[in-house]
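Q: got a predicted structure here, sequence first:
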Amino acid sequence: MRPFRHRRLTAVVALATMLVTAAPPTAASAGDKPDRRAGYHRVGYFTQWGIYGRAFPVKKLDTSGAASRLTHVNYAFGNVSEDGRCYVDGGPGEGDAWADYQRPVPAEESVDGVADAPGQALNGNFGQLAKLKAKHPQLQVLISLGGWSWSTYFSNAARTDASRKAFVASCIDLYLKGNLLGGDGAAGGPGAAAGVFDGIDLDWEWPNWAGEPGNVIRPEDRENFTKLLAEFRRQLDAFGRTTREHHPLTAFLPANPATMDAGYEGGKIFKYLDFATVQGYDFHGGWEAVANQQSALRVPAGSPDNPDFSVEVAIDGWIARGAPRDKLVLGIPYYGRGWTGITGGGNGLFQPATGPAPATFEPGYEDYKKLKTLAGDGYTVHRDLRAGHAWLFDGTTFWTYDDPAVVLQKTLYIRRAGLAGAMIWSLDGDDDNATLTKTIGLGLTTW
């Protein structure tokens, strides 16, 4: 079996290389020095809630082989209070301090096979991340602040010089210094999580642009975002002088050019960032009435939307606004978007639908590890090799997703465009063999 698998992989690599190099150059794909980086960032988001329904503890990053292929793990998410502070919210429906650092992890879920002992200061995901770093010293772990649900009060935190200073100080105190609530026999306490987190990832969705309903939005968010980055960089560097380490600062950036213009001062923000991850997904979804692509490398021929979204549109948009290509990391989805009630025939693409497809956790959203099992089980895999996307269709239900061939094509695009690497949302969507993460590792190996 091994020689056959090797030949098949070689053929896929050759095909993906041909497709990327044959494409007409754009601002992103016309990089003058492909493969010039000494190494690529490979950033994976670990979700706090993945330990529940998805049964994805930190240990799986080790046993699957994912951890050895990653450079960064971003922990999703940290919350921002209404008065502009970082905090761990244990309130129902809000935070989950139990998952973060209070839950005693049993031996069978522990990275090192040792169960959390009663009364120890650090349990839960934070404790396991510390063990993962000990086993994989190349890994850096960042706390990601905000996300779709917790960006409500970012604008408050960034509003004034005083609020920015207080916000940043609270985040460094909580996460980098590790001063957790608790102690006196309970998990937590001063310094309990020290050393778990190496830096900060800002997932403000979005400055001066509507995200989740209820988010606070101000026109001055655009300038204040840059000022907030400057304050993070200043305080992180000051903290680094005490630890004798560099503490990275990153940000998650949108794919929509209109959002780029409304919320960000173009290339100015990269003065403070180690790198930024760019949304490479959610271009379309079950909130629309037509089955479409959610993460295509290029806008497909026949797209009903003009203009439309794609990976190339997003990357070119940031480069046109002054972003250095070697600080842009492309986001890759480990999930698909789906529609059902498809009419119109053909392969389902661009056909009307009655609504989002039924799924395990959320209508219209399904993990890769589940979608891969549908291929051949009543579903046919379709590909647009030129546009760089794939989908499943059974005549009624349609799923757009990234499989290993699409992921490999995107890694070759990253290399040719001179980008900084790949980001994963989210690691719990992969299968138990970390197939997609290993594909990224293969595609971004520095030869």
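A: Good, I have the coordinates.
Q: when you work out contacts or count neighbours from here on, use the C-alpha atoms and nothing else.
A: Will do.
Q: next, the closest residue to residue 87 other than its chain neighbours: secondary structure please.
A: Nearest residue to residue 87, sequence neighbours excluded (CA to CA, 6 or more residues apart in numbering): residue 79, at 5.9 Å. Classification of residue 79 by DSSP: H, G, I helix; E, B strand; the rest coil places it in strand.
Q: now the helices for the stretch 101-250 of the chain?
A: For the stretch 101-250 of the chain, applying DSSP state H, counting those that start in this stretch gives helices covering 124-135, 154-158, 161-171, 221-243.
Q: can you check the stretch 301-447 of the chain too?
A: Listed in chain order, the helices of the stretch 301-447 of the chain (DSSP H, counting those that start in this stretch) span 311-320, 368-371, 404-417, 435-443.
Q: so which elements touch the longest one?
A: The one in question is helix 404-417. If you count contacts as 3 or more CA pairs under 8 Å, 6 or more residues apart in numbering; DSSP states H and E, helix 404-417 packs onto helix 2-22, strand 421-425, helix 435-443.
Q: mind checking the end-to-end distance for stretch 270-285?
A: 30 Å (CA to CA, to the nearest Å).
Q: please apply the same query to stretch 333-352.
A: End-to-end for stretch 333-352, by CA to CA: 24 Å.
Q: of all the residues in that stretch, which ones are buried?
A: For stretch 333-352, burial by neighbour count (16 or more other CA atoms under 10 Å) applies to 333-343, 347-352.
Q: do stretch 283-290 as well
A: Burial within stretch 283-290, assessed by neighbour count using 16+ other CA under 10 Å, is assigned to 283, 284, 285, 286, 289, 290.
Q: farthest pair in these?
A: Spanning the widest gap among these are 283 and 289, at 13.6 Å by CA to CA.
Q: show the pLDDT at the closest residue in space to residue 64 that isn't next to it in sequence.
A: Residue nearest to residue 64 in three dimensions, not counting chain neighbours: residue 433, with 4.9 Å by CA to CA, 6+ apart. For residue 433, the pLDDT comes out at 98.
Q: gap between residue 239 and residue 194?
A: Taken as CA to CA, the span from residue 239 to residue 194 is 13 Å.
Q: I misspoke; the intended subject was residue 321.
A: To residue 194, residue 321 is 37 Å away according to CA to CA.
Q: just want to know which of the two has more residues nearby.
A: Taking other CA atoms under 10 Å, residue 321 and residue 194 do not tie; residue 194 has more neighbours (19 against 16).
Q: show me what contacts the more buried one?
A: Residues counted as contacts of residue 194 (CA atoms under 8 Å, 6 or more residues apart in numbering) are 175, 176, 177, 178, 179.
Q: of all pairs in those, which one is the farthest apart?
A: The largest separation in these, counting by CA to CA, is between 176 and 179 at 8.2 Å.
Q: which stretches of the stretch 151-300 of the chain form strands?
A: Residue ranges of the strands in the stretch 151-300 of the chain, as given by DSSP state E, counting those that start in this stretch, are 199-204, 249-253, 275-278.
Q: to residue 438, which of those lies closest?
A: strand 275-278 (19.3 Å).
Q: quick one: the closest one to chain centroid distance?
A: 9 Å (CA atoms, centre = their mean, to the nearest Å).
Q: where in the stretch 301-447 of the chain is pLDDT low?
A: 447 (pLDDT under 70).
Q: swap the cut-off to 90 and go again
A: Scanning the stretch 301-447 of the chain for pLDDT under 90 picks out the ranges 345, 376, 446-447.
Q: name the residues that touch stretch 73-85?
A: If you take CA under 8 Å, 6+ apart as the criterion, stretch 73-85 is touched by 43-48, 86-89, 95, 139-147, 150-154, 156-158, 163, 166-168, 170-171, 201.
Q: list the buried residues for stretch 423-435?
A: 423, 424, 425, 426, 427, 428, 429, 430, 431, 434, 435.
Q: those residues: which two are farthest apart?
A: With CA to CA as the measure, no two of the buried residues of stretch 423-435 lie farther apart than 423 and 431, at 16.8 Å.
Q: which pLDDT value belongs to the closest residue to residue 215 other than its chain neighbours?
A: Sequence neighbours aside, residue 152 is the residue nearest to residue 215 in space, at 4.1 Å (criterion: CA to CA, 6+ apart). In this model, residue 152 is scored at 97, pLDDT.
Q: do the one 10 residues further on as well
A: At residue 162 the predicted local confidence, pLDDT, stands at 98.
Q: could I get stretch 290-309 in CSV with only the CA atoms?
A: Output of stretch 290-309 as CSV, limited to C-alpha atoms (Å, rounded to 0.1, in the frame of the first residue of the first chain):
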residue,chain,number,x,y,z
VAL,A,290,-28.1,29.7,-3.0
ALA,A,291,-25.5,26.9,-2.6
ASN,A,292,-22.1,28.4,-3.1
GLN,A,293,-18.4,28.1,-2.1
GLN,A,294,-17.2,29.2,1.3
SER,A,295,-13.4,29.0,0.9
ALA,A,296,-12.4,29.0,-2.8
LEU,A,297,-8.9,30.0,-3.7
ARG,A,298,-10.2,32.0,-6.6
VAL,A,299,-13.7,33.3,-7.6
PRO,A,300,-15.2,30.4,-9.6
ALA,A,301,-16.4,31.0,-13.2
GLY,A,302,-20.2,31.6,-13.2
SER,A,303,-20.4,33.0,-9.7
PRO,A,304,-23.7,34.8,-9.3
ASP,A,305,-22.1,37.5,-7.1
ASN,A,306,-20.1,40.3,-8.5
PRO,A,307,-17.9,41.2,-6.7
ASP,A,308,-17.4,38.0,-4.9
PHE,A,309,-15.2,36.7,-2.1
